[in-house]
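*Asks:* Generate coordinates for the sequence data below:
(3 chains, ligands or ions: 3)
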Amino acid sequence: MTHVYFDHNATTVLDSQVMQAMLPFMAAQQGNATSRHAYGRTARDAIEQARAQIASAVGAHPSQVVLTSSGTEANNFAINGMTAKQPNTQIAISAIEHPCVMRPAEMLQSHGFKLAKVDVNAQCKLDFENLESVLRNPTSLVSVMLANNETGAIQEIAHVAELAKKNGAYTHTDAVQAFGKIPVNFADLNVNAMTISSHKIHGPLGAGALILDKRVDMTPFMLGGGQEKGLRSGTENVAAIVGFGIASELAVKNLTSHAQKTQQLRTQLEAGLHELGATIFAENTKRLPNTSFFGFNNVEGETLVMALDKKGFAVASGSACSSDSTEPSHVLLAMGIAPDLARGAIRVSLDANNTSEQVNQFLLVLKQVLNQLKQMVAMAA
Amino acid sequence: MAYSDKVLDHYENPRNVGSLDKNDPQVGTGMVGAPACGDVMKLMIKVNDAGVIEDAKFKTYGCGSAIASSSLVTEWLKGRTIEEAYAIKNSEIAEELALPPVKIHCSVLAEDAIKAAVADIKAKQAAKEAA
Amino acid sequence: MDRDPIYLDYSATTPVDPRVAAKMIPYLTEHYGNPASRSHPYGWTAEKAVEEARNEVAKLVNADPREIVWTSGATESNNLAIKGAANFYASTKGKHIITVATEHKAVIDPVRELERQGFSATFLEPEPDGLVSLEKFKAAIRPDTVLASVMLVNNEIGVIQDIESIGNICRENGVIFHVDAAQATGKVHIDLEKLPVDLMSFSAHKTYGPKGIGALYVRRKPRIRIEAQMHGGGHERGMRSGTLATHQIVGMGEAFRIAREEMDVENARIRTLRDRLLAGLQTIEETYVNGDLAHRIPHNLNISFNYVEGESLIMAIKGIAVSSGSACTSASLEPSYVLRALGRSDELAHSSIRFSIGRFTTEADVDYTIALLKEKISKLRELSPLWEMYQDGIDISKVQWAAH
Ligand SMILES: Cc1ncc(COP(=O)(O)O)c(C=O)c1O
Ligand SMILES: Cc1ncc(COP(=O)(O)O)c(C=O)c1O
Ligand code: FES
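*Replies:* Residues are numbered from 1 along each chain as shown, chains lettered A, B, ... in the order given. Ligands and ions are numbered 1, 2, ... in the order given. Just a heads-up that it's a prediction; the model follows:
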């Protein structure tokens, strides 16, 4: 049976160059990076080199890179850490944030903050008028994701940051999905903090980072040994960090060619999807080049995903990051998509290794599966 | 912590380790620092009648930079007058040994030791004159 | 340097066992997949591996796999346990916490943070041997004590606390009991079916597993609740969100399996080595072992060499990799707070070396270490004005030292 992986927004394949760079730090005798002997120094040097690679890949200074264990941790750290020393005013997030921004923000709400969820339009674009009116209340932090994990929609973060600054609020952006797929530049985005994650860019699981403007009065989240200048305690995961560094470098190097390739494949895919009668979400918005999120009326997304899987295609229904929920995607609901259509949503996220044949195969199989499902519905009726 | 080659050299081959006769009227002793701080430096100088330092010895309990700083000053002191010795600045020591910022206080300690040793010899001379 | 230094810093971190690395690597390449992706086999393979590893971790400590929550390391486990339990139970039980002055910073700092948030805390001073007095512990309990946190094995001096007795006191008083066992796995037997412990922290990289992965044991019977600290997709039954690093989890499982199967034989061998090291070093004058020797893991030897300064000593013994104070805390010139809590003078605290022995240490390593220490201590003492004073019979503690 064919095995085609079309779920690269969930996690990517580890690049073999990245793996080669990690191996010495996984297998051989190695030190704790805080130790002051030769083993510790080797680990420390490797971490600092990776930090520089990561910084340069996102247009930041190495001293702005706070290494964490994941994007989830970096987002939780940002939401909690940037608000802890502020009066309990308001925090504003977009209605389409990933749960690891949404939930910590909701927790703050239960600790006395006001939470504003800024609307998006039917094309998944942030409603700036709504943001401006929200910002009329005193606000500590605005967090809007650079690219959405489901639709791939890209927001104008520099503009968000400008409005936030004007109103005295910090800005954070979750750039986990954007990094590696479109150019990401911390300085240009003008935000105070930005989250990135290693396993979404062909790096290993186990490393993420918060890129942090040092002027932010930040409260650490993970307390202990004082690593990362006291901002993130815990023994550094040297192998994963080394991998993250190389992966960042490669992500930038390959960005243009990969974006072109995936964009081509997606155009091919979406032409076929239209023929099958699919609705493509956020189609008319600037999107990540690799992501296509679509749905069919009267078809359960989960059923479709299972059926496609039996034929060897790995795709996602909504976000794989949140485990087994059958709720329709909160992103689609925020866009005002009818719950019935939303329940049928499927996400294909491509990678430069995917091929035009795979897309053709996928379209054929999808057609078959849809027909079968329709027959079943017809029979039940 | 990366040490400079000069620190390593003085640390591995310290010059002029030891003591002079502390009761000799020509010998001045400076003992500075405190064990609780992790550093104690003892510097002894032998000064001839012309006020020139003929010999210098040290013992140091402290980090590598402190050992190197005191070893270095014993080399510098020999042949200098006590006035010249008194003028040695910690910044010169720190510069010669390329000490990183966290180790500057080790050179301060060495300067303090020189000043204490010079003060001691001056006190001895004053006592002799008074006698 | 002509050769790699001999590694005697197993308490800072252990090398990954080659068997562990071998098991991890396929999960980096062939079996990629997000274990939370329920919809395709890439995710399923990962999920199965994660559950097998959870089983292995549970088995080493005789717990139910459902009681094991993955984290990024013991630092996170400690933060989660302490902040999570204190916040969950504060409204019903109260806002007082008991811990010990010699705990790892990853316990101390979260407790301090809770103090800032309105909790109060007692930091018990241990006895001079490093052990917690049960009487003092009992006396510290107040009606509003919600949580106690006491480590099983200390990272600097290796002493083993009487967790069972302390846990029983907690039970009698309705206090939630957390234990940091980062330094204990594979070194002492842990039976959570019997031990009256509610929450226990583990780390893989102290037991020949990879860095960046750990676990928190959360008791089910009676059920202990914690407030999650990391929110998101609701992984780990809502207690800890975030995509899991499958290869690291697999590594931790394998490391804990090996520990379970080999610890008895291994610890006997390590004890022989430690005793040899101790005997060798004790031939040097004016050396003091820090911490109780009987209630102590065989892997650890923490010794102060009087009249030599720690940092210069470390510099002198570059042929071996050891630490002075705790390597888990970042480089600082402060003498170890653990040794100070034992009532050691600053000088002795400054001149302490932690030797930690492990799976790959040999007898030749130990003999080399003894010879090296003898040579270098004697050289540094030649340089030391304090040693000179000691030999002249001067009592250094009576000397008036100029302020520095
Ligand atoms: C937009 C977004 N933010 C954050 C995350 C979480 O990152 P990580 O998997 O590194 O915890 C994800 C992926 O799951 C994501 O898609
Ligand atoms: C007793 C103890 N607890 C916690 C930790 C922190 O664990 P980790 O390095 O997994 O964050 C360490 C060591 O670093 C430790 O020795
Ligand atoms: S003398 Fe104190 S660190 Fe050098």
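
*Asks:* ok, which residues in the stretch 101-250 of chain C are in contact with ligand 1?
*Replies:* Within the stretch 101-250 of chain C, the positions near ligand 1 by CB under 6 Å from any ligand atom are C:242, C:243. (Glycine included, C-beta is placed from N, CA and C.)

*Asks:* which parts of the stretch 101-250 of chain C sit against ligand 2?
*Replies:* C:104, C:106, C:151, C:155, C:180, C:182, C:183, C:203, C:214.

*Asks:* Out of those, which sit inside strands?
*Replies:* Counting by DSSP state E, those place C:180, C:203, C:214 in strands.

*Asks:* surely the second one meets residue C:78?
*Replies:* This points to residue C:203. No - the pair residue C:203 / residue C:78 is not scored as a contact, 9.6 Å apart, by CB atoms under 8 Å.

*Asks:* Looking only at neighbour counts, state which of those two leads.
*Replies:* residue C:78 (35 against 30; other CB atoms under 10 Å in any protein chain shown).

*Asks:* burial count for residue 64?
*Replies:* If you meant another chain, say so; for now it's chain A. So residue A:64, with other CB under 10 Å, has 21 neighbours.

*Asks:* actually it's chain B I care about, not the one you picked
*Replies:* Neighbour number of residue B:64 under other CB under 10 Å is 25.

*Asks:* Buried ones in the longest helix along chain A, by neighbour count?
*Replies:* Secondary structure assigned by DSSP state H gives helix A:238-275 as the longest helix of chain A. Residues A:238-252, A:254-255, A:258-259, A:261-262, A:265-266, A:269-270, A:272-273 are the ones in helix A:238-275 that count as buried (16 or more other CB atoms under 10 Å in any protein chain shown).

*Asks:* for it, packing partners?
*Replies:* When contacts are defined as 3 or more CB pairs under 8 Å, 6 or more residues apart in numbering or on different chains; DSSP states H and E, helix A:238-275 sits against helix A:16-27, helix A:38-57, strand A:279-280, strand A:291-295, helix A:356-380.

*Asks:* which residue packs closest to residue C:365, ignoring adjacent ones?
*Replies:* residue C:6 (4.7 Å; CB to CB, 6 or more residues apart in numbering or on different chains).

*Asks:* My read is that that neighbour contacts residue C:318, right?
*Replies:* No - between residue C:6 and residue C:318 there is no contact under CB under 8 Å: 10.4 Å.

*Asks:* one step back: check the gap between the residue nearest to residue C:365 and residue A:222 for me.
*Replies:* Relative to residue A:222, residue C:6 is positioned 32 Å away (CB to CB, to the nearest Å).

*Asks:* ok, those two, which is more surrounded?
*Replies:* Set residue C:6 next to residue A:222 and count neighbours by other CB under 10 Å: residue A:222 wins out with 30 against 20.

*Asks:* Enumerate every residue touching the nearest residue in space to residue C:346 that is not next to it in sequence.
*Replies:* The shortest distance from residue C:346 to any residue other than its chain neighbours is 4.0 Å, reached at residue B:36 (CB to CB, 6+ apart). Residue B:36 is in contact with C:345, C:346, C:347, C:401, counting by CB atoms under 8 Å, 6 or more residues apart in numbering or on different chains.

*Asks:* distance of residue A:276 from residue A:342?
*Replies:* Relative to residue A:342, and taking CB to CB, residue A:276 is found at 18 Å.

*Asks:* if you count what's nearby, which of those two comes out ahead?
*Replies:* The neighbour count for residue A:276 versus residue A:342, taken as other CB under 10 Å, is higher for residue A:342 (21 against 13).

*Asks:* any idea which helix or strand carries the more buried one?
*Replies:* Using DSSP states H and E, residue A:342 sits in helix A:339-343.

*Asks:* moving C-terminal of that helix, what's the next helix or strand?
*Replies:* Immediately after helix A:339-343, counting by DSSP H and E, sits strand A:346-349.

*Asks:* so where's the chain uncertain?
*Replies:* Answering for chain A, as no chain was given. Residue ranges of chain A with pLDDT under 70: A:1-2, A:28-29, A:318-326, A:377-381.

*Asks:* The intended chain is chain C.
*Replies:* C:1-2, C:30-44, C:325-334, C:402-404.

*Asks:* could you redo the last one with a cut-off of 50?
*Replies:* Along chain C, segments meeting pLDDT under 50 span C:1, C:36, C:38, C:326-332, C:404.

*Asks:* mind checking the backbone torsions on the residue of it found nearest ligand 1?
*Replies:* Nearest residue of chain C to ligand 1 (CB to the nearest ligand atom) works out as residue C:243 at 3.3 Å. With angles defined as degrees, to the nearest 10, residue C:243 sits at phi -60, psi 130.

*Asks:* Now chain A against ligand 3: closest residue?
*Replies:* For chain A, CB to the nearest ligand atom, closest residue to ligand 3: residue A:36, 13.0 Å.

*Asks:* That residue: neighbour count?
*Replies:* 23.

*Asks:* How about the secondary structure of it?
*Replies:* coil (DSSP: H, G, I helix; E, B strand; the rest coil).

*Asks:* For it, grab phi and psi.
*Replies:* phi -100, psi 0.

*Asks:* my read: it touches residue C:322, true?
*Replies:* No - using CB under 8 Å as the test, residue A:36 is too far from residue C:322 to be in contact (9.9 Å).

*Asks:* For the lengthiest helix in chain B, what is the distance to the chain centroid?
*Replies:* Counting residues, the longest helix found in chain B (DSSP H) is helix B:104-130. Relative to its parent chain, helix B:104-130 has a centroid offset of 9 Å by CA atoms, centre = their mean, to the nearest Å.

*Asks:* Who are the packing partners of it?
*Replies:* Helix B:104-130 packs on strand B:27-34, strand B:39-47, helix B:64-77, helix B:82-86, helix B:90-97, going by 3+ CB pairs under 8 Å, 6+ apart.

*Asks:* relative orientation of it and strand B:27-34 in degrees?
*Replies:* 140 degrees (axes from the mean of the first three to the mean of the last three CA atoms, to 10 degrees).
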